[in-house]
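Sequence first, then the predicted structure, then my questions.
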Amino acid sequence: MLNRMDLPTRSYSLSQDHLIVSATHLVLAVYFVLFQSGVMSYVGMYLPTIARVLSPLFYLLYAAAAVLLARLTLTRYWMKERSAFVWLFFLLAIAPLLFVRAHPGDVTKNYVVGLGSLAMFTTIGLFADPRRICRFAASVTALLSVLCLLDASFLDGFTNTLGRAATLLTNPNVAALSLLIGGTGTIWSLTPRWRVPFIVLVGGAVFATLSRSSMFIGALVCLSTIPLLKPFWHQRATYLKSTLRPTLITLLLTISLLVAGFINNSAFGVATGNAFEGLRFAVQTLQEVKSKQKARGGSDKLNAITASMVSDAERENSASARAILLERAWQSYRHGPAFGQGLEKAFSLAPHNTQLLMMVAFGNFGWVVVPLLIALIFCIGGWRKGLPPAVAVAGGAFFSHDLLLAVPLIASLVVLLIGLRVDPEAAPAVETKASGRTPMAVPVILLALASLAALYAQSHNLQNYRLDVQAKDINGLEGPLYYVILPDAMPKGLVRLNTVDRDMQLTESSRPLAYSNEFGGDQDLLLGFGQYSVRNMWLWFVPGDGSDPALNGRTYRFSGQVIINPEFVCLVLAVLLWAASWVYLDRRIDVRK
């Protein structure tokens, strides 16, 4: 029989546990909103002043995570075995740094902080409610997918690669891999009704990035889920009936956004064609590199791969450039020291392969880092649940060197490891109003308010676009026609050059040239002497006397009006809709299956 004197103590213990779990949910939600979504990656790259202002928030976030980690580790002994695998991986992954003679730089610091974040946030996530945490991360992944599809519709969006979507992550390959790993880690936290629509949305976003490697990895991940689908097979009719309507709606939305991308962004269509055409030449290019190395032996094989060779191949297609970079990194590992050359040297080689990056950085010790990560996945989730995440991580490590360096990918790995504790066959419990949803709503609402504030602040801080055209940037075409590729207005993605109202001016030694927008056959520009035009951020002009602008000694200056980028407005609207969906519809999504 329970003693009445124990009731207040037990009630206090339950209340304290609820407070700790709520705090854990809040910390992880802030972490995912800031890092998995790419917000801080963009702010750190294009808004350094704001990044410095927000730096105390980072320290507070990591301090709160450390306090929670200590508290949970001391009180919940039954979770120590699971968290021990995570910290063992952390120690073994950073141990090779002790043997590297190279001086540690920013890449090394980023690697250590990233692995520390991976271990700390994964551990507190395993102590809390993995399903709830992963469902929140799934909503962030869905938001990122919609933003990627929107990014494909704008020529001067957030991406740093023309024609490929990336949204706030700016790098299309990192965006695709982040979506893939985040989707793989969170898919089972959703009810069966929403799993197929989620796959459709994430798959469409990965296609918008035009990352061929991520598409291939995604296909392998889907095949690897077959062992997990066996328990659902006898109920397939029920699942198909419940998921048909949301799947069709999501498919229609995804296709509509992709079609809008092809219509509104001509570069997206061109990049789509080039992405799949370039695969044919990758093997041929690598064979040419091999033939140039035959006459050289030893370390000279590395010198045979010059920077000009890489740049020439990259202009042709990225698959050829990757093959050359992979060969260069392999030769560097073969002829490098036994304990490696350091992460700075390895990262400068850009091998597009995490396994090879670790081998160049840590020498013979580098062989174990990626296999240890895959082993960690199987230790936490078992072979059936661990197979799809292991395939995603192995594929990401094979095709990217950013897996353990890029902050959004580290956040996605945190989601993936926490998601291994979610039982795919267990239905989510119906939640009440007093559930742990409220702490997670705090960063959601703050992000929505911050996006509105950013839109308001940027609209009141517009500056004119000015460019002093350098002779080295001027390219000749036919006859006296020349062009310059205009750099994006900054901050990238938030503002753009106004080419609609034609409030622009190009001067030649202080003498203004005349604007013209006349077209001939095949939509070719018809420009006379002393005229210019702007199309798709390309400045076309003909000097006043038809002379070569690189040799005539004249100065060319271009100016224009900067306006808010329509994609920025779409991004703010998407964030507001996402916030409203999470705050008001979360319980409804849980109850309806």
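Now that the structure is in, tell me what you want to look at.

what pLDDT does A304 get?
We have a pLDDT of 48 for A304.

what's near enough to touch V200?
247, 250-251, 254 (CB atoms under 8 Å, 6 or more residues apart in numbering). (Glycine included, C-beta is placed from N, CA and C.)

got a list of contacts for stretch 216-226?
The contact list for stretch 216-226 (CB under 8 Å, 6+ apart) reads 177, 180, 184, 199, 203, 206, 387-388, 390-392, 395-396, 399.

Which of the residues you listed sits closest to S242?
Checking the contacts of stretch 216-226 against S242 with CB to CB, the nearest one is I199 at 15.0 Å.

My understanding was that that closest one contacts I187; is that so?
Yes: between I199 and I187 there is a contact at 7.0 Å, judged by CB atoms under 8 Å.

As a check, name the ranges of all strands in this structure.
With strands called from DSSP state E, the chain shows them at 465-469, 475-476, 482-485, 495-497, 504-508, 511-512, 514-515, 531-535, 538-542, 556-560, 562-564.

Single out the most deeply packed of those strands.
Among those, strand 495-497 has the highest mean neighbour count (mean count of other CB atoms under 10 Å), at a mean of 22.

Which one of the strands of the chain lies nearest to T170?
Smallest distance to T170 across the strands of the chain (CB to CB): 15.4 Å, for strand 495-497.

Show me what that closest one is packed up against.
Secondary-structure packing of strand 495-497 (3 or more CB pairs under 8 Å, 6 or more residues apart in numbering; DSSP states H and E): strand 562-564.

Determine how far the strand it packs on lies from the middle of the whole chain.
Averaging C-alpha positions (CA atoms, centre = their mean, to the nearest Å) puts strand 562-564 25 Å from its chain's average.

So what touches that strand?
Strand 562-564 is contacted from outside by 455, 458-459, 462-465, 489, 494-498, using CB under 8 Å, 6+ apart.

pLDDT and distance to A165 for these - can I get that in a markdown table?
Shown next, in a markdown table, are the contacts of strand 562-564 (pLDDT from 0 to 100; distance: CB to CB, whole Å):
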| residue | pLDDT | distance to A165 |
| --- | --- | --- |
| L455 | 93 | 21 |
| Q458 | 91 | 21 |
| S459 | 90 | 24 |
| L462 | 86 | 25 |
| Q463 | 85 | 27 |
| N464 | 87 | 29 |
| Y465 | 90 | 24 |
| A489 | 85 | 19 |
| L494 | 91 | 17 |
| V495 | 90 | 19 |
| R496 | 89 | 16 |
| L497 | 88 | 20 |
| N498 | 86 | 23 |
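
about what we covered before: more neighbours, I199 and I187?
Set side by side, I199 and I187 show more neighbours around I187, with 24 against 19, by other CB atoms under 10 Å.

Hmm, that one is touching R195, no?
Yes: using CB under 8 Å, I187 and R195 qualify as a contacting pair, with a distance of 5.8 Å.

and the closest residue to P487 other than its chain neighbours, how far is that from L481?
Excluding the flanking residues, the one nearest P487 by CB to CB, 6 or more residues apart in numbering is L467, at 7.1 Å. Applying CB to CB, to the nearest Å, the value for L467 to L481 is 19 Å.

for G382, same thing?
Counting by CB to CB - G382 and L481 are separated by 64 Å.

Of these two, which one has the most company?
Comparing G382 with L481 by other CB under 10 Å, the one with more neighbours is L481, at 16 against 11.

Can you name the residues that contact the closest residue to that one other than its chain neighbours?
Of all residues not flanking L481 in the chain, V542 sits nearest, at 5.8 Å (CB to CB, 6+ apart). Shown in contact with V542 (CB under 8 Å, 6+ apart): 480-482, 527-532.

switch to 6 Å and redo it
Shown in contact with V542 (CB atoms under 6 Å, 6 or more residues apart in numbering): 480-481, 527, 529, 531.

Closest one of those to N353?
L481 (42.6 Å).

Which residues does stretch 414-428 contact?
By CB under 6 Å, 6+ apart, the residues outside stretch 414-428 that reach it are 118, 121-122, 125-126, 130-131, 133-134, 137, 181-182, 185-186, 188-189, 228, 231, 380-381, 385, 389, 590.

and these, which are buried?
118, 121-122, 125-126, 130-131, 133-134, 137, 181-182, 185-186, 188-189, 228, 380-381, 385, 389, 590 (16 or more other CB atoms under 10 Å).

Looks like the residue nearest to P487 contacts F558 (just checking).
Yes: shown here, L467 and F558 form a contact pair, counting by CB atoms under 6 Å, at 4.7 Å.

Which single helix of the chain contains the most residues?
If you go by DSSP state H, the chain has its longest helix at helix 369-399.

and this structure, what are its domains?
The record, using automatic domain parsing to delimit domains, assigns the chain the ranges 6-275+365-459+570-591, 276-364, 465-560.

Go through those domains and find the least confident stretch.
With a mean of 70, domain 276-364 has the lowest mean pLDDT of the domains of the chain.

Could you give the number of residues near T167?
By the criterion of other CB under 10 Å, T167 has 31 neighbours.

Tell me how far the closest residue to it other than its chain neighbours lies from Y42.
Residue nearest to T167 in three dimensions, not counting chain neighbours: L147, with 4.0 Å by CB to CB, 6+ apart. To Y42, L147 is 11 Å away according to CB to CB.

which of those two has more neighbours?
Per other CB under 10 Å, whichever of L147 and Y42 has more neighbours is L147, with 27 against 20.

pretty sure that one contacts A166?
No: using CB under 6 Å, L147 makes no contact with A166, being 9.4 Å away.

quick one: the helices in the stretch 101-250 of the chain?
Assigned by DSSP state H, counting those that start in this stretch, the stretch 101-250 of the chain shows helices spanning 106-127, 130-151, 172-186, 192-209, 212-224, 226-229, 236-264.

Count the neighbours of L343 for me.
28.

residues touching it, list them.
L343 makes contact with 107-108, 111, 361 under the criterion CB under 6 Å, 6+ apart.

gap between it and T499?
Using CB to CB, we find L343 at a distance of 43 Å from T499.

for R195, same thing?
43 Å.

Then V360?
Separation of V360 from T499 (CB to CB) stands at 45 Å.

Quick check on those two: which one has the bigger neighbour count.
The residue with more neighbours, out of V360 and T499, is V360; 29 against 19, by other CB under 10 Å.

Now do the contacts for the more buried one.
V360 makes contact with 329, 332-333, 341, 346 under the criterion CB under 6 Å, 6+ apart.

who touches the most centrally placed residue in the chain in this structure?
Nearest residue to the geometric centre of the chain (CA atoms, centre = their mean): A175, 2.5 Å. A175 sits next to 166, 169, 209 when contact means CB under 6 Å, 6+ apart.

what phi and what psi does the backbone show at the nearest residue to the first one once chain neighbours are set aside?
With CB to CB, 6+ apart as the measure, T159 is the residue that lies nearest to A166, at 3.9 Å, once sequence neighbours are left out. Recorded main-chain torsions at T159 are phi -70, psi 150, according to degrees, to the nearest 10.

give me the number of residues near P104?
Using other CB under 10 Å, P104 has 14 neighbouring residues.

So it versus L97, what's the distance?
Distance from P104 to L97, counting by CB to CB: 7 Å.
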